[in-house]
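Student: what's the 3D shape of this:
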Amino acid sequence: MGSLQLKSIRKAFGNHEVLKGIDLEVKDGEFVIFVGPSGCGKSTLLRTIAGLEDATSGSIAIDGQEVSNTPPAKRGIAMVFQSYALYPHLTVKDNMGLGLKQAGTPKDEIEKRVAKASSMLSLEPYLARRPAELSGGQRQRVAIGRAIVREPKLFLFDEPLSNLDAALRVQTRLEIARLHRSLKATMIYVTHDQVEAMTLADKIVVLNAGAVEQIGSPMELYNRPANMFVAGFIGSPQMNFIDATRLGESGAKSIGIRPEHIALSRESGDWKGKVIHAEHLGADTILYLETETTGLLTVRLFGEQHYHADDIVYASPDRASLHRFDGDGRAIR
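Tutor: You can find the predicted model right below:
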């Protein structure tokens, strides 16, 4: 079991309040990801769950047991850090088993757990090596293996892929997804990368300035953002926001439309404009337009499209995909 309940969690450093009353329930076996811009409080919240930071107020319960005053080692959690945190003089095998050894776990049990974790992570050929002999991706897998052998109630990941290059991030992301399915474990994961959040999470928690903006599944946040902050944060390229008065829309302050929900034509359409920059990515073509009606507009087209800077074009939004927001930035349903 690995459920988690947070009630009114606040954290302040002096007069600066970093977490502003966080309420969250994580079910056993869920993969929950905290996302938000730098400084939003996501890593502080994770460290507070782990017990590495003390909450100023509020309660933390794991499997229904209050742990706010319980030391980290007694909370039944295992944490994977961005920096790997491996001992350079120990082998892979000894790094993975060290925590169990320090806890007094019998040697044969340590051997069994390390063997199981190394098999899951394809680390068997590297057990006798030291961290300096490994790639960045292999070191991160050792750090994950060290967490697995503890058989925790909760796995906590603090931006574990940010030190890896693009190809390794994709590979390790797939391994973490596979591990979650295999272990059926509860995982809480912090990232600033929305692609990681959208592809890994059962549930995403969007944080901003220490407060929760919205909680939901990836597609709930994509299709039904609660406000302009979530709408702009989830989705790449970012949603276009247009002054509603420029479109003759009544009852709304702003209109949002995602770049992928705009069609383009050279002949006719709703908004006439000029291409000011084109990004040809192969699988996608991203165009930046200046239109008479909307101002700057981003359009995402599937595949290679032969538009170039200074082309005159017509953009037409999918009306069913428009998002409407009030003067406070809240979605109008």
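
Student: count the neighbours of the closest residue to residue 160 other than its chain neighbours for me.
Tutor: Leaving aside its sequence neighbours, residue 160 sits nearest to residue 80 (CB to CB, 6 or more residues apart in numbering; 5.0 Å). All C-beta atoms are positioned from the backbone trio N, CA, C, and that covers glycine. Using other CB atoms under 10 Å, residue 80 is surrounded by 22 other residues.

Student: Provide a list of residues in contact with the spatially closest residue to residue 266 that is not a sequence neighbour.
Tutor: Distances taken as CB to CB, 6+ apart place residue 313 nearest to residue 266, at 6.1 Å, with adjacent residues excluded. Counting by CB atoms under 8 Å, 6 or more residues apart in numbering, residue 313 touches 264, 265, 266, 269, 272, 273, 274, 275, 287, 289, 307.

Student: out of the residues you listed, which are buried?
Tutor: 264, 269, 273, 275, 287, 289, 307 (16 or more other CB atoms under 10 Å).

Student: the last one: helix or strand, and which one exactly?
Tutor: In other words, residue 307. Assessed by DSSP states H and E, residue 307 sits outside every helix and strand.

Student: quick one, what contacts it?
Tutor: Taking CB under 8 Å, 6+ apart, we find residue 307 in contact with 264, 275, 278, 285, 287, 301, 313.

Student: need the pLDDT of it.
Tutor: Note on residue 307: pLDDT of 94.

Student: same question, the fourth one
Tutor: On the pLDDT scale, residue 275 is placed at 97.

Student: before we move on, what about residue 272?
Tutor: As predicted, residue 272 sits at a pLDDT of 96.

Student: what packs against the helix or strand hosting it?
Tutor: Assigned by DSSP H and E, residue 272 belongs to strand 271-280. With contacts taken as 3 or more CB pairs under 8 Å, 6 or more residues apart in numbering; DSSP states H and E, strand 271-280 sits against strand 284-291, strand 295-302, strand 312-317.

Student: sheet-wise, list the partners of the shortest one with their directions.
Tutor: Just to be clear, that refers to strand 312-317. Sheet pairing of strand 312-317 (DSSP bridges) gives strand 262-265 (antiparallel), strand 271-280 (antiparallel).

Student: of those strands, which is nearest residue 33?
Tutor: With respect to residue 33, and counting by CB to CB, the nearest of the strands paired with strand 312-317 is strand 271-280 at 27.3 Å.

Student: that concludes my questions; thank you for your assistance.
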